[in-house]
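S.K.: Sequence and predicted structure below; questions after.
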Amino acid sequence: MNDVVGYLSRRSFLRASAVVGGGVFAAGMPLSHAIWAAEGKVLNVRNQLDLTTFDPGFYNSISEVNVMSCIYSKLTRFKPGTKWDTELEAAEKLEQISPTHIRFRLTKGINFTGGLGEMTAKDVKFSFERIIKHNSSVKDNFGPLDHVEIEDDYSGVIVFKAPFVPAWTTAFPYGLGHIVSEDAVMKATKDGGNFGMKPPAFSGPYVLADWQANQYALLTRNPDWSGPKPGFDEIRIVPIVDLKTAERAYQAGDVDFTAISLDSLATFKSKPPASTKIEEHPSLWYVWIGMNMDHPKLKDINVRKAIQWAINVPQIVDTAYSGQANVATGTVPPGVVGHREKALVPPEGDLVKAKEFLEKAGVSDLTLTIDCLNDSTYSTIAQVVQAQLSQIGITVEVNSQDSGSFWTIGMESEGDRWKSVQLIVNAFSSVPDPYSSTNFATTTQVGVWNWERFSSDRFDELSARAESISDPEARAKLYYEMQDLMEESGAYRFLTNEASPVMYRSTHVEAATRPDGAPLLLHFKSV
């Protein structure tokens, strides 16, 4: 589901109105954590969302993966730089030995905290199989995983029911790839399920020293870590949803690394804060307007088509992103296999055609709601859509919510709110594989991450086939058609893939990111 899930979380950190005294820490973080330690090297970074779990088998967002990558180990990890690539981490060797079998051999000497001893193949087996056993909401990122066979203490074979090419980009180096201690988790949970906010053991260069909801997570060096020494003694991670708030936090000296908004990019480039380096990166995000196909007001495809054609995407990009973002052609971002050259509905839409669809539906005086995150960018998108739809006689009420409310509205497991969802400003992050950008729309994800409740046998068939095809051109054709099917349903109006500029204090840190600007904190170095 995008990973799924990139921009997904349950609660927000801070609204702009809560920032007083010029800095984020004044809004609630204890003073002892607001100043750098007298001794030792401390890194303060902005995270885009608050954390909802420390369990990698049940993660919700890239914000959580950023932290998990510091406190746990994976078989492989993404390499920093401008090109997408991976490198071995906990694995000494990882190889595809058949279309459905991948053999691993662990590096010896990776220890779990608490005197639990070395990481072994049984921990890999436990970590991966519990995702299936406990029906993780992100289990599809491991595709048709079946089981793990143990060969010896350090070696095993990961077995899939069918070939799964995305394992190398969506599972191993990302959220589900983190390995936890079987002994520790079983003791903490009894059944091996989600341990939530109470991690029972760590295996990475850092441990979680403290976490305060909506305030910060504090990571300190792991005394049991025998690998390469990380660049900082402490990492303090501050969740700030709104980018404008994050920019003010950076200027106040409260964080050393942050993403910046696209409408601020030109200003920061022309007049950057002192000792600041600014980097521009392409993005793997995908942002769209979704429509709940099961809602009575949106069941008629002609109504959905009217909305699609009434939305002028370049206007939205110009207003919400100061023209600094691209116009999306689908969910698969540029540079990734399956990216379409153009959408079926022209970016500018057509108001005349939109009105014709409404007339065909026999609808007038239509009123709708649009849900969005209470981030300045997404609220602006909702307001522009509100204005655009008014031109064809549709009245739209904007429902701006904090992340704790927003990210549960379409989930059946969270109650009946999904039934009242109508329009949604949605945004997911992904990894560099088209599977990550489309799997959320499968039928199995209806009521989980598929809030449009789009269901297509053909789409599901293509998705399953695309997982097993390694030839890029052949895969691309399937993803082209899948995005066509999404758009033809009328339930999606693709907006942008955004962009990912970042800035950091060059006198304090040498940052390292993925090609899309996401921080790889273990590679950060102190200056």
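M.R.: Received the coordinates, thanks. Keep in mind it's a predicted model, so treat the numbers as computed, not measured.
S.K.: and the closest residue to Phe164 other than its chain neighbours, what does it touch?
M.R.: Computed as CB to CB, 6 or more residues apart in numbering, the closest residue to Phe164 that is not its neighbour in sequence is Gly143, at 3.8 Å. Heads up, the C-betas are built off the backbone N, CA and C, glycines and all. Applying CB atoms under 8 Å, 6 or more residues apart in numbering, one finds that Gly143 lies in contact with Phe160, Ala162, Phe164, Pro166, Ala167, Thr170, Ala171, Tyr435, Glu467.
S.K.: is it true that Gln388 touches Trp309?
M.R.: No. With the criterion set as CB atoms under 8 Å, Gln388 and Trp309 do not qualify as a contacting pair; they are 10.3 Å apart.
S.K.: who touches both of these two?
M.R.: Gly349.
S.K.: When the two are compared, which one has more neighbours?
M.R.: Counting neighbours by other CB atoms under 10 Å for Gln388 and for Trp309 shows that Trp309 has the greater number, 24 against 21.
S.K.: Validate this expectation: the more buried one resides in a helix.
M.R.: Yes. Note on Trp309: a helix contains this position according to DSSP: H, G, I helix; E, B strand; the rest coil.
S.K.: Could you pull up the mean pLDDT of stretch 507-526?
M.R.: Throughout stretch 507-526, pLDDT has a mean value of 96.
S.K.: can you check stretch 429-437 too?
M.R.: Within the predicted structure, the mean pLDDT of stretch 429-437 is 91.
S.K.: go on, stretch 154-161?
M.R.: 98.
S.K.: Run through the helices of the stretch 51-200 of the chain in chain order.
M.R.: Secondary structure of the stretch 51-200 of the chain (DSSP state H, counting those that start in this stretch): helices at 62-71, 121-133, 182-189.
S.K.: just the ones you listed: most buried one?
M.R.: Neighbour counts averaged per stretch over the helices of the stretch 51-200 of the chain are highest for helix 62-71, at a mean of 24; criterion: mean count of other CB atoms under 10 Å.
S.K.: Tell me who's in contact with Ala491.
M.R.: Residues near Ala491 by CB under 8 Å, 6+ apart: Gly290, Met291, Asn292, Met293, Arg304, Glu452, Arg453, Phe454.
S.K.: returning to that earlier point: can you tell which of the helices of the stretch 51-200 of the chain is closest to Gln483?
M.R.: Proximity to Gln483 (CB to CB) singles out helix 62-71 among those, at 22.3 Å.
S.K.: Output the contacting helices and strands for that closest one.
M.R.: Where contact means 3 or more CB pairs under 8 Å, 6 or more residues apart in numbering; DSSP states H and E, helix 62-71 is packed against strand 42-47, strand 206-212, strand 216-221, strand 234-239.
S.K.: Redo the ones you listed as CSV? Include mean neighbour count, distance to Lys198 and mean pLDDT.
M.R.: Below are the helices and strands packed on helix 62-71 laid out as CSV (neighbours: other CB atoms under 10 Å; distance: least, CB to CB, whole Å; pLDDT from 0 to 100):
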stretch, mean neighbour count, distance to Lys198, mean pLDDT
strand 42-47, 24, 19, 96
strand 206-212, 17, 10, 97
strand 216-221, 21, 13, 97
strand 234-239, 23, 18, 96
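S.K.: Show me the contact partners of stretch 200-210.
M.R.: Residues external to stretch 200-210 that are found in contact with it (CB under 8 Å, 6+ apart): 54, 67, 69-73, 90, 110-114, 116, 119, 179-181, 184-185, 187-188, 199, 216-222, 225, 227-230, 234-235, 522.
S.K.: got it, and stretch 161-173?
M.R.: Judged by CB under 8 Å, 6+ apart, the contacts made with stretch 161-173 from elsewhere in the structure are 3, 74-78, 84, 86, 94, 99-100, 102, 141-146, 158, 160, 177, 431-433, 435-436, 464, 467-470, 475.
S.K.: Separate out the buried members of these.
M.R.: If you count burial by 16 or more other CB atoms under 10 Å, the buried members of those come out as 3, 74-78, 84, 86, 94, 100, 102, 141-145, 158, 160, 177, 431-433, 435-436, 467-469, 475.
S.K.: Tabulate the helices and strands packed on helix 62-71 in a markdown table, adding columns for distance to Val336.
M.R.: Supplementary listing: the helices and strands packed on helix 62-71 in a markdown table, determined by distance: least, CB to CB, whole Å:
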| stretch | distance to Val336 |
| --- | --- |
| strand 42-47 | 24 |
| strand 206-212 | 31 |
| strand 216-221 | 30 |
| strand 234-239 | 28 |
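S.K.: what's the closest of the ones you listed to Ser506?
M.R.: Across the helices and strands packed on helix 62-71, Ser506 has its closest neighbour in strand 42-47 (13.3 Å, CB to CB).
S.K.: and the closest one, what other elements does it pack with?
M.R.: Applying 3+ CB pairs under 8 Å, 6+ apart, we find strand 42-47 packed against helix 62-71, strand 234-239, helix 243-251, strand 257-259.
S.K.: how much does the longest one deviate in direction from strand 234-239?
M.R.: Just to be clear, that refers to helix 62-71. Between helix 62-71 and strand 234-239, the angle formed by their directions is 170 degrees, by axes from the mean of the first three to the mean of the last three CA atoms, to 10 degrees.
S.K.: Let me see the mean pLDDT of helix 62-71.
M.R.: This predicted structure assigns helix 62-71 an average pLDDT of 96.
S.K.: just how off-centre is the helix or strand containing Thr369 within its chain?
M.R.: Remark: Thr369 resides in strand 367-373, with elements defined by DSSP states H and E. Remark: strand 367-373 is offset 22 Å from the chain centroid, using CA atoms, centre = their mean, to the nearest Å.
S.K.: so what strands line up beside that strand?
M.R.: Sheet partners assigned to strand 367-373 using DSSP bridges are listed as strand 395-401 (parallel), strand 423-428 (parallel).
S.K.: What's the mean pLDDT across the first one?
M.R.: Across strand 395-401, the average pLDDT comes to 97.
S.K.: Provide the contact partners of it at residue level.
M.R.: The contact list for strand 395-401 (CB under 8 Å, 6+ apart) reads 365-374, 379, 382-383, 385-386, 389-390, 409, 423.
S.K.: Let me know the next secondary structure element after that strand.
M.R.: Using DSSP H and E, the next helix or strand after strand 395-401 towards the C-terminus is helix 403-406.
S.K.: Show me what that following helix is packed against.
M.R.: Under the contact rule (3+ CB pairs under 8 Å, 6+ apart), helix 403-406 is packed against strand 367-373.
S.K.: Can you give me the buried ones in the strand it packs on?
M.R.: Buried, per 16+ other CB under 10 Å, within strand 367-373: Leu368, Thr369, Ile370, Asp371, Cys372, Leu373.
S.K.: Distance to Val327 added to the residues you listed, as JSON lines?
M.R.: Conversion of those to JSON lines gives the following (distance: CB to CB, whole Å):
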{"residue": "Leu368", "distance to Val327": "23"}
{"residue": "Thr369", "distance to Val327": "25"}
{"residue": "Ile370", "distance to Val327": "20"}
{"residue": "Asp371", "distance to Val327": "23"}
{"residue": "Cys372", "distance to Val327": "19"}
{"residue": "Leu373", "distance to Val327": "21"}
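S.K.: Looking at those residues, spot the one nearest Ile260.
M.R.: For Ile260, the closest of the buried residues of strand 367-373 turns out to be Leu373, at 17.8 Å, with distances computed as CB to CB.
S.K.: contacting residues for the nearest residue to the closest one once chain neighbours are set aside?
M.R.: Leaving out its chain neighbours, the residue that sits closest to Leu373 by CB to CB, 6+ apart is Phe406, at 4.9 Å. When contacts are counted by CB under 8 Å, 6+ apart, Phe406 touches Asp371, Cys372, Leu373, Asn374.
S.K.: Many thanks, we can stop here.
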